[in-house]
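K.L.:
Model the following, please.
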Amino acid sequence: MVFSFSGDQPIFRQLTVRIANEIVGGVLKEGDQVPSTNEFAKQLQINPATAAKGINLLVDKKILYKKRGIGMFVAEGARARLIQERQESFMQNYIIPLLDEATQIDLSDEHIKQLIDAERGRRV
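P.N.:
Now for the predicted structure:
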């Protein structure tokens, strides 16, 4: 795993996001072992407590689980749970504000769809 940290968020949260991204992106699959807290700390040159805090957030959300004496693993259904969480976040952070703004500037649903289709066409 290659990581570079920004100053936008605490390092433990950035680690959590990076691991979650690897699960959503299919780099890490259900049942795959992830590096230990100490391995992350050494690899990323961070405090082991910082690494543990990031990993434990994913354990608390049942994305990772511990096998005592063996290590940390990606839980069954982790990818689906993360995708569901992101879809809910997408709705709250993008769709609702988009619809609120569209209402204020009199954009119809059809016009919104046309704008989205046109933008997608440019990206292909």
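K.L.:
Show the secondary-structure elements that the lowest-mean-pLDDT helix or strand in the chain is packed against.
P.N.:
The weakest-scoring helix or strand in the chain, judged by mean pLDDT, DSSP states H and E, is helix 37-44 (a mean of 90). Here helix 37-44 touches helix 48-60, going by 3 or more C-beta pairs under 8 Å, 6 or more residues apart in numbering; DSSP states H and E. (C-beta placed from N, C-alpha, C; glycine too.)
K.L.:
can you state the direction angle for the helix it packs on and helix 37-44?
P.N.:
On the basis of axes from the mean of the first three to the mean of the last three C-alpha atoms, to 10 degrees, helix 48-60 is oriented at 120 degrees to helix 37-44.
K.L.:
Off-centre distance for helix 48-60?
P.N.:
15 Å (C-alpha atoms, centre = their mean, to the nearest Å).
K.L.:
Buried ones in the next helix or strand after that helix, by neighbour count?
P.N.:
Using DSSP states H and E, the helix or strand that directly follows helix 48-60 along the chain is strand 64-67. Within strand 64-67, the residues scored as buried using 16 or more other C-beta atoms under 10 Å are Leu64.
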